[in-house]
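Novice: Give the three-dimensional model of this entry:
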Amino acid sequence: MGRTLASKKAIVAELKETLDKTQMTLVIDYQGLTVAEMTDLRRRLRPTGAVCKVTKNTLMSLAIRDNPAWQPMERFLKGANAFVLIRDDLPGAVKAYQEFQKATKKTELRGAVMEGQALDEQGIKAVLDLPPKEVLMAKVAGMLKMLPTQLATALHAVPTQLATGINEVPASLGRAIQAVAQQKEAAGS
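Specialist: Residues are numbered from 1 along each chain as shown. So this is what the prediction gives:
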């Protein structure tokens, strides 16, 4: 017996709400997994804050239709898919999935979507190699904070060096005149 239109709309609404809180979605071919194996995958993902949803591609397609950030997922919506929706701990969730995949050897990663970009396995690895967003933002903030200080130091150094140079001119001129006078005395004696 099929689902009612109301239940399908509820599923699409729930998917949209979950996607709004998601940073990255992994699309995996779960064909051949038993209920116990799916339960194991969900159990492994739970500590990372990620969830694994199994839904029809048409319902996921409806959920992403009006959201440009998730529309690249459309290319992965073929066959029997499960969706790993990762909220916070990207490295932890991907690692949990990879360990599950290695243990079962039954799933295949079709791809992932993050911030409007479709990613293959190499793209996922590149994202995971980046420092966390908070660390990057702290580095940028630190650089922006240092910039006015460095600028002020540089601007302060210019007049100080200029004044030192101007003060040095008479002293250097005096030493030069004294040296010339000593040469004339030595030549005249």
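
Novice: Mark out where each domain of this structure begins and ends.
Specialist: Listed domain ranges for the chain are 5-130, 131-189 (source: automatic domain parsing).

Novice: Let's have the ones you listed in a markdown table, adding mean neighbour count and mean pLDDT.
Specialist: All C-beta atoms are positioned from the backbone trio N, CA, C, and that covers glycine. Below are the domains of the chain laid out as a markdown table (neighbours: other CB atoms under 10 Å; pLDDT from 0 to 100):
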| stretch | mean neighbour count | mean pLDDT |
| --- | --- | --- |
| domain 5-130 | 16 | 92 |
| domain 131-189 | 10 | 73 |
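
Novice: Show me where the protein has its helices.
Specialist: Along the chain, the segments classed as helices by DSSP state H run 5-20, 35-45, 57-64, 90-104, 121-129, 133-188.

Novice: Let's have those in JSON lines, adding distance to residue 29.
Specialist: JSON lines is the format used below for the helices of the chain (distance: least, CB to CB, whole Å):
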{"stretch": "helix 5-20", "distance to residue 29": "19"}
{"stretch": "helix 35-45", "distance to residue 29": "13"}
{"stretch": "helix 57-64", "distance to residue 29": "12"}
{"stretch": "helix 90-104", "distance to residue 29": "11"}
{"stretch": "helix 121-129", "distance to residue 29": "13"}
{"stretch": "helix 133-188", "distance to residue 29": "29"}
